[in-house]
Structures are given as C-alpha cells and as structure tokens.
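[1] Could you look at this predicted model? Sequence included:
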2 protein chains.
Amino acid sequence: MAGALPIIQFADRSGLVDLGRGHPRPALLPVREWADAVADAVREYGPAALGYGYPAGPGPLVEWLAGRLGVPAAEVFVTAGGSHALDLVCALLVRPGDVVLVDSPTYHLALPILRDYAARLVPVPAGDAVAVADRVGELRAAGHRVPLLYVVPTFNNPTGQSLAGRAELVAAARRTGVAIVEDDTYRELSYDAGAPPALYGLAGGPPVIRVGSFAKTVAPGLRLGFLTADPALVARLATRGYVDSGGGVNHATAVTMASFCRSGRYDEHVTRIRTEYRAARDALVAAVARYLPAAEFTRPAGGWFLWLRLPPGADAGALLPGIEAHGVSYVPGARFCPEPGTGVGHLRLSFSMLEPELLAEGIRRLAAGLAAAEVTW
Amino acid sequence: MAGALPIIQFADRSGLVDLGRGHPRPALLPVREWADAVADAVREYGPAALGYGYPAGPGPLVEWLAGRLGVPAAEVFVTAGGSHALDLVCALLVRPGDVVLVDSPTYHLALPILRDYAARLVPVPAGDAVAVADRVGELRAAGHRVPLLYVVPTFNNPTGQSLAGRAELVAAARRTGVAIVEDDTYRELSYDAGAPPALYGLAGGPPVIRVGSFAKTVAPGLRLGFLTADPALVARLATRGYVDSGGGVNHATAVTMASFCRSGRYDEHVTRIRTEYRAARDALVAAVARYLPAAEFTRPAGGWFLWLRLPPGADAGALLPGIEAHGVSYVPGARFCPEPGTGVGHLRLSFSMLEPELLAEGIRRLAAGLAAAEVTW
C-alpha cells in the first residue's frame, strides 16, 4: 500500500507548463543543508532540541530573528508558517461577524483563513489611506467591528508590486484603531534595489503585526514562520492553550532553523536563490516581451509573481481551459479578489517553480493559446 | 546576546526533585536516531521532504498510522501534536458559549485549550455512562449545546488509570449525539498487560474522535500527532484555510517520522522506553510503599503518572510550599479538576523525567515533608 497516497500537495500535471503554482523550484530546496543543520542542532543542543520548547519559540531563533529584523526579542513569536501566524492572529482578534479589510488583489489563500473565523471580507485599496479610513468610518457607522486589515505590501502576491503610501496607511490605521496584518513573506526575495521598509518598522510596532515565513527563503514543508507584534500580544499568543501545552508550535524545526541561520547557511542559501529567482524573473519578463509584446504588466522587483493584464473584455477564468489545452496554466486574477466580478481581466504567472527555459516555453504556449482564442491587444 | 533567552519550557529548579513535570527523561529522547531519520528522509524523498505537503499528512506516514491503528487511511489526519489536534477539533465543533464535558480529573492543559474556544466546562464522571447521559439531557433541557466530551480513557493523566465502562460510554455518546474526543496519548506506554481497546475501535469511528501524539513515544519538541475521525471530518480539517495554504501542518517532520517508523526505529525506540519507564514506575511505586506505606494509590499499568491520595482533610495545594522546602515537588490534584474545590486531597507524581534513584529520593523527601506538616495516615 506504500506510495498509494500522495506525499506532496499537488501531483505533476504531465506535459503542462504550470505557471500557476507559487511553489519553490524543487532543485533550490536546501535538502542536504537542512539535514546537516539537523545534525548540528542535535549536537549543539542535545535533548533540548527535542524536548518541550519555550512557548514563544526557542531563544536562539528568537534572538537571531530579533537581530535580523531589528526588534526587541519580546516582540518575536515563532509560528508554524506564515499562514499559521495569520490563523493565530485571527483567533485572538477576530470575532464571528466582524469585518476584516483586505487589500485587493491579495494572497488568495489568506481569504479562506479569514473566512474560517466567520469574518466578512471587505476589499479596500490599501494604497489609498484616505479611502481606507473612510471605509472604516462607514463600516463602523453601520455597526460593524473592524479589527484588522490584511495586506501584502512588499512584492505582493499576486502583483509582484510593493505598496506606495506606506506611512499614510500606518497613520490611518493608528487613527482608526485598525490593526494592520502585514504579510511580509517575500521581503528577502528582492532582485533590484532591495525591499521597501516594512510597515512594522515605519510604525515602530503597533498597530502593525508583521507576519514572516521561512517557506520561500528556506522550505515550505518546514512549516516555520514568525510574527512581530506588541509584546503584550506575543504574551497572549504564548499563553494560548495549545501553544503552552505543547511548548511552542514547532520547536524541533525552530531549533534546527537557529542552527541553519547562525551557521551562515541561511545567508548563503538566500543569496543563492535570490540570484536564481532573479534570473527566472528576467527570463519570464523577456519571454512576455517577446511573445506578448503588447501585454501590460509591471516588472516585479521581488517575490515570485508577474501580474498580467489581458486586453479589455477578456476573462482569464473563462479562457483557462482553452489555454490549458495549449499546455500551459496560470491562476485567473479573480481568485485574488474577494469581490465577485473583480480581477477577471488579470492572470498571475509564477516564475518560482520552473527553470528559465520552461518559463519561456510556457509564455510561448500562452501566446499561442491567447491567439487561438482571438485575444489580441 | 545568544543564550539569554531560554530554549526549553522550564528551567531546572536546582536541588529540587521535581516529580511534577510530565516530561520525558532527556536521556531517553532519540536524538541521534532522529538525526539519522532526517538524513534517510531527505535521501528517500528528496525535495518532496521539504515542499508543500499533502494537507491531511504525507502519504507514507498516513499509511503507516492507518496500518498501526487498524483504520482506513481516509480516517487519519496528521497534526502538530496532540494538543494541536484538540485545538483543531474545537475550532470545528465548539461555538462560543457551548458546554464541553470533561472527565474529572483530567489532563490539566486541555482545559485552557477548551476555554480558548469560550466553552463552559462541565465535569462528568466518564466511567458512569448513565450519569453522563443524564447530565447531557439536563444541559440540553436548559438550552445548552453540548458538542463534545473530552476524556483520557487509557492510562489517564493524572490518574494513570484506564476507564471502565467503555462500551457503555460509547453507546451513551451515540445515543445523545455528543462526540467523544478520546485523548489516546499514552496507549503505547503500557507496562503490564497491554492497553485496553480504544474507544475509537469500540465505536468503529464516530461518535469518537481519537487524538494521538508522538510527544511521549518519540519526542515532544517535534510537535507531531494525529487524529482518527470520520472521513468527512478529516476532509473538513484538510480544507481548513491555514492547513491547505501551508500544505499540511508539519510536513517535513511528518515525512521524517514516516522514515523513523518504517525503518523499524519507532518500534525499537518504544520497546526501549517502555522498559525504562516500567522500571521507573516500579521504582516510584516501591518508594511510595516504603516511605508512605499507608498512602492510597492504584499502581498505574501505563502512562507516566501516579495519583496519590492524601489523608482526609489534607490539601495538596496548601501543602506544596512546605513540601518544596523539603526539596521535592508535585502537581496538586485540584489543577486537574475543572470544578473548584475538587481534587484538593490528591497529588500527581510523575515518574517520566527522573532516574529511579531520584524518584526514590523524591518520595523520601515527600514523606519527610508530609511528616513535618503533620500529615499522617
């Protein structure tokens, strides 16, 4: 019976150039380096590597993160991934029936997490602080609680772009008492001039809660991330029943990550993948320029995604089956937009998983599929 | 700054023989064997060991668990520990204001998890199915939802005893439509005649949800556990936002556990610790018989705990500071009882963490402390 069930989330779709999946390139996962870090960690920490951990995360990793992020250790909480951080924050802050504001387009898989807490999702343009504040005012006047705004301000998934008007958004959040959950997953993956400052740093802490992850920088299967927040919120998370009962949420992996980071392996690895993903970004951009010369998009300065605008009237969701028949796939833009009917004219292309040659082949097929569907610019 | 923050949950209290902590003996954690399993897993599974995992848990571990537990693979869900399993089940089944039934005494750290879901906890005697059913009837007649009963029926924490009247309890739960959350954490740690049958097996599935853990059998810091439940509930868990987004809740550790189990290391290790913990149990029981010959307790046939009854009128919580002054600690019984005023005449002694010699020394000190406090049988 062994092998009958899958190990990983999605099986390969044979023959398809899948530009939809926001997965790391398997060859770039630090498989041997991680095994080495485990060996180091058990040598260095002994049984403490496998015992009941400190609830907020093991000291060596908390301290490394605090140094890296430039925050006091009391503002750091180690999570079982970025999504888990968002889930935990919702468990503390969101009550059934609350309104949660979400930038649009935004990370599509954050939306079910927010909905798990029975929140009503209301899209706002996070780059327009005045509009956000006005919307909060309207919602509150209508009797709604509005505890938080979720946004991916740096190398956004799906757009690859970074938010302008950061200081203004922070000020608006402070004024209105809405917490900003800043999903900072892609910060380390900058390919040109570096990443813009985190909202968390601009605010000096509250009202921002920053969510980070080792999923893109090291490996998603580790289920390891972190958040930075007001020490009082960190303390509330650390005393949550299942966090305290278990001694942290992913202790052994966090201890290993401390070894991985402190040994210099983390920096080496991130430098390497930044180079590789930059080359992939360049290959995808060049292929779009070659095969779809009139297509509108903004070159992403970081992250894993390119957000392509179709000509007016084209519906990326409706086109997908026909395009897949040409041997390529993508994610239709509407999946990233909580409001029905929005995002339909865009599609998300990921350059993270495939080699540059396959990225180019995918765009060649996409152009052929769009031409066959008589979608022209 | 390295080393300023703790790695593990509790610092040693120097000089104290701590019979309170339900922790594994550090020397029995399979530190080297785990590092070897990681090396095996990355060799065997390559990048799939670190990628986005299958939401219900990686196939090789799900299949091993299914075989071990004698259930279909569709009834297995891999969790980030036993407490996490309980937390997830509550997230699905408990609404604010619900009544959750708990056996009493029971695992004290389950109580905050249940309270995180804003449940009102009502103690019931799980061994008396008629009383449980009657209580459900009363509560429902008073307008309460009663979604579940939490119980540790096998080698209970804190009593070390196993529940009688299992089939009757399952029948009562089925009749009343109350789900039983069976915390089966200690099943593998049986020292005499083996463990009694799981409620899950007696019921053939619903209305039981069984929670299991690798925390006691392998290592708590791995944060790896599992549950078995109706396939529909497993499917609901697998599509929960943060579970699906991350690709399972602890993929890399689960893949490594698959290697650890399938290679025979798991069976070897459990056989070894069973022998060691049996010897520890015997040492503790012998020490109590020697130093506190009139004390009442039932020899535990499994698990990690001995539940000691003090003479009438003695209060284990009030006595603790004085006893600690004699260099030994325990957990007062009231912590395991959700109803104020109950459990005060008992204390929990753990034989898991310390060597037999220290266990005996601890009981010698306990006897001296009780004598000094004029607690006599």
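    That came through fine. Residues are numbered from 1 along each chain as shown, chains lettered A, B, ... in the order given.
[2] going forward, measure contacts between C-alpha atoms and count neighbours the same way
    OK.
[3] And the helices in the stretch 1-150 of chain A?
    A:31-45, A:59-69, A:82-93, A:110-116, A:129-141 (DSSP state H, counting those that start in this stretch).
[4] CA atoms of the last one as PDB?
    What it means is helix A:129-141. Listed next in PDB are the C-alpha coordinates belonging to helix A:129-141 (Å, rounded to 0.1, in the frame of the first residue of the first chain):
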ATOM      1  CA  ALA A 129      -5.100  55.600   3.100                       C
ATOM      2  CA  VAL A 130      -7.900  58.200   2.900                       C
ATOM      3  CA  ALA A 131     -10.200  55.700   1.200                       C
ATOM      4  CA  VAL A 132      -9.300  53.000   3.800                       C
ATOM      5  CA  ALA A 133     -10.100  55.400   6.700                       C
ATOM      6  CA  ASP A 134     -13.300  56.500   5.100                       C
ATOM      7  CA  ARG A 135     -14.400  52.900   4.600                       C
ATOM      8  CA  VAL A 136     -13.600  52.100   8.200                       C
ATOM      9  CA  GLY A 137     -15.800  55.100   9.200                       C
ATOM     10  CA  GLU A 138     -18.700  53.900   7.100                       C
ATOM     11  CA  LEU A 139     -18.500  50.300   8.400                       C
ATOM     12  CA  ARG A 140     -18.300  51.400  12.000                       C
ATOM     13  CA  ALA A 141     -21.200  53.800  11.500                       C
END
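[5] can you list contacts of that helix?
    A:124-126, A:145-146, A:165, A:168-169, A:172-173, A:176 (C-alpha atoms under 8 Å, 6 or more residues apart in numbering or on different chains).
[6] go with 10 Å
    Helix A:129-141 has contacts (C-alpha atoms under 10 Å, 6 or more residues apart in numbering or on different chains) with A:99, A:101, A:103, A:122-126, A:142-147, A:149, A:164-173, A:175-178.
[7] and the gap between A:A173 and A:R43?
    Distance of A:A173 to A:R43, given as C-alpha to C-alpha, to the nearest Å: 46 Å.
[8] more crowded one of the two?
    Counted by other C-alpha atoms under 10 Å in any protein chain shown, A:A173 and A:R43 do not tie: A:A173 has more neighbours, with 23 against 14.
[9] Quickly find the element holding that one.
    In this structure, A:A173 sits in helix A:166-176 according to DSSP states H and E.
[10] In that helix, which residues are buried?
    For helix A:166-176, the neighbour count (16 or more other C-alpha atoms under 10 Å in any protein chain shown) marks A:166, A:169-174, A:176 as buried.
[11] Ok, stretch A:216-234 next?
    A:216-231, A:233-234.
[12] Contacts only, for the residue nearest the centre of chain A.
    Nearest to the mean C-alpha position of chain A, by C-alpha atoms, centre = their mean, lies A:T185 at 4.4 Å. When contacts are counted by C-alpha under 10 Å, 6+ apart, A:T185 touches A:81-83, A:152-157, A:210-217, A:225-226, A:303.
[13] Please report how far the closest residue to A:L93 other than its chain neighbours lies from A:G247.
    Spatial nearest neighbour of A:L93, chain neighbours left out: A:P147 (6.6 Å); criterion: C-alpha to C-alpha, 6 or more residues apart in numbering or on different chains. With distances taken as C-alpha to C-alpha, A:P147 is found 28 Å from A:G247.
[14] Please say which of the two ends up with more neighbours.
    The neighbour count for A:P147 versus A:G247, taken as other C-alpha under 10 Å, is higher for A:G247 (25 against 19).
[15] I figured the more buried one hits B:A219, correct?
    No - at 11.6 Å, A:G247 does not count as touching B:A219 under the criterion of C-alpha atoms under 10 Å.
[16] Overlap of the contact sets of these two?
    A:51-52.
[17] Next, the contact list for the nearest residue to A:L121 once chain neighbours are set aside, please.
    Residue nearest to A:L121 in three dimensions, not counting chain neighbours: A:V100, with 5.0 Å by C-alpha to C-alpha, 6+ apart. By C-alpha under 10 Å, 6+ apart, the contact set of A:V100 is A:90, A:94, A:111, A:114-115, A:117-123, A:144-150, A:178.
[18] Okay, now the unreliable bits of chain A?
    A:1-4, A:8-13 (pLDDT under 70).
[19] Show the backbone phi and psi for the nearest residue to A:S213 once chain neighbours are set aside.
    In this structure, A:S213 finds its nearest non-sequential neighbour in A:G225, 3.8 Å apart by C-alpha to C-alpha, 6+ apart. Per-residue torsions, A:G225: phi -150, psi -160 (degrees, to the nearest 10).
[20] just checking, A:G225 touches A:A56?
    No - using C-alpha under 10 Å, A:G225 makes no contact with A:A56, being 11.8 Å away.
[21] what is in contact with the two at once?
    Joint contacts of A:G225 and A:A56 (C-alpha under 10 Å, 6+ apart) are A:77-79.
[22] any idea which of the residues you listed has the most stuff around it?
    A:V78 (31 neighbours).
[23] quick one: contacts for that residue?
    Here A:V78 is in contact with A:54-58, A:61-62, A:65, A:85, A:211-213, A:224-228, A:234, A:237-238, A:248-251, A:254 (criterion: C-alpha under 10 Å, 6+ apart).
[24] For the stretch 51-200 of chain A, what lies in contact range of chain B?
    A:51-64, A:67, A:73-74, A:80-88, A:91-92, A:95-96, A:108-117 (C-alpha under 10 Å from any C-alpha of the partner chain).
[25] Without its sequence neighbours, what residue ends up closest to A:P55?
    Closest residue in space to A:P55, ignoring its immediate chain neighbours: A:G248 at 3.8 Å, by C-alpha to C-alpha, 6+ apart.
[26] residues contacting the one you found?
    A:52-58, A:77-80, A:237-240, A:242, A:254, B:8-9, B:221, B:223.
[27] What does it show for phi and psi?
    The phi/psi pair for A:G248 (degrees, to the nearest 10) is phi 80, psi 170.
[28] which helix is the longest one in chain A?
    helix A:265-291 (DSSP state H).
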